[in-house]
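My questions are about this predicted structure, shown below with the sequence.
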Amino acid sequence: MTYEQPKLNHDSEKFKNAQMAELALLKAYNLKEIDHWFTLKDGLRIRVSEIGEGKPVFVVPGNTGDMFPFIPLLSELNGYKFFIFNRPGGGLSDGMNHEKVNNIREFVVNIIDEVLDKLELDKVDFMAHSMGCHWSLWYAMSHPERIHSMNLIANPGRVMLEKIPLPLKAMTLPIIGNIAVKALVPKKRSQALNGLRRMGTSDTALKKMPQEFSECYYYFQNLPNYQMSTLSLLKTFNAKAENAINGKELESISIPIQLIWGENDTFASIEQGEKIAKSFPIGQFKLIKDAGHMPWIDQPKAVAEAVKTFLNTKL
């Protein structure tokens, strides 16, 4: 019997709370968003958020795939039309138990391919963050003909890591993982941004963020499928060695790639970032000072400038 991924009830109070929080954040940054809803071949209902006008850029978010953390960065990037792929398990798309997928790499490649087809994007620039970078690199290895260039932001998932970071390894353990992920879900609004602090984002930067940003984290992390999607994602990518990406695989990607790295990223060292960037045949490394794993929260203008410069010039 085929496993049916959990649906997200669009009429539920939790869905509406998250949706309203995101709309309020968009308003705070003077941005307008158009929703595209697609039901894919496997029955998953996926949301793609369209923001801006101009040259198209396809965005693959990190974590469980929420669009809203990118809003502060997108407000600094005029002249582009961003299509943000709210990955299954986040961003108001349906839930996702990644452990129920027979071949996660094949699934990732196929779902990105299907979404690009539905958006009628034959070839496009990519921008991705964290786990979204890992997904994007898998896709680039399979379909380089559909990508002009890639801006990868922060430690790109499980790439060239000889050892899994201890906090992530703990997540793969049955009992510890469940407890840890449950602890990540904020019980109070005051706890909503604790995860960003653990990833190297400064308190100074977080204090500058509008209240709507914190509200989004609170409501999205309390959606019914958040814990399952997060835990199954970490288990799937970190429990199986074949899901890692090695240096030889990176050497096979012949498209221009920029790796943007926060100086205080807690997932891996600057030296690791430089090593990854040097593995790309056409690659460059951009260090963002005084920034964490989500460097645009600390330094939105610096990250935006790096993205724009790369999109405009390539290598």
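Perfect, thanks for sending it.

so who does residue 257 touch?
149-150, 152, 277, 280, 282-284 (Cβ atoms under 8 Å, 6 or more residues apart in numbering). For every residue, glycine as well, the C-beta is placed using N, CA and C.

Same list, those, but as CSV with secondary structure and neighbour count please.
What follows is the contacts of residue 257, written out as CSV (DSSP: H, G, I helix; E, B strand; the rest coil; neighbours: other Cβ atoms under 10 Å):
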residue, secondary structure, neighbour count
149, strand, 19
150, strand, 26
152, strand, 30
277, helix, 20
280, coil, 25
282, coil, 13
283, strand, 19
284, strand, 15
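
now these in TSV, with distance to residue 247 and pLDDT?
Listed next are the contacts of residue 257 as TSV, based on distance: Cβ to Cβ, whole Å; pLDDT from 0 to 100:
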residue	distance to residue 247	pLDDT
149	20	97
150	17	98
152	15	98
277	11	97
280	10	97
282	15	96
283	12	96
284	17	96
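
Farthest-apart pair in the residues you listed, please.
149 and 277 (13.8 Å; Cβ to Cβ).

Cross-check the contact I'm expecting between residue 229 and residue 90.
Yes - assessed by Cβ atoms under 8 Å, residue 229 is found in contact with residue 90 at 6.5 Å.

residue ranges of the strands in the chain, please?
33-39, 45-51, 55-60, 80-86, 124-129, 147-153, 257-262, 283-288 (DSSP state E).

could the ones you listed be laid out in CSV, adding distance to residue 13?
Formatted as CSV, the strands of the chain follow (distance: least, Cβ to Cβ, whole Å):
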stretch, distance to residue 13
strand 33-39, 19
strand 45-51, 18
strand 55-60, 28
strand 80-86, 20
strand 124-129, 29
strand 147-153, 33
strand 257-262, 35
strand 283-288, 38
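
And those: which comes nearest residue 220?
Of all those, the one in closest proximity to residue 220, counting by Cβ to Cβ, is strand 80-86 (10.3 Å).
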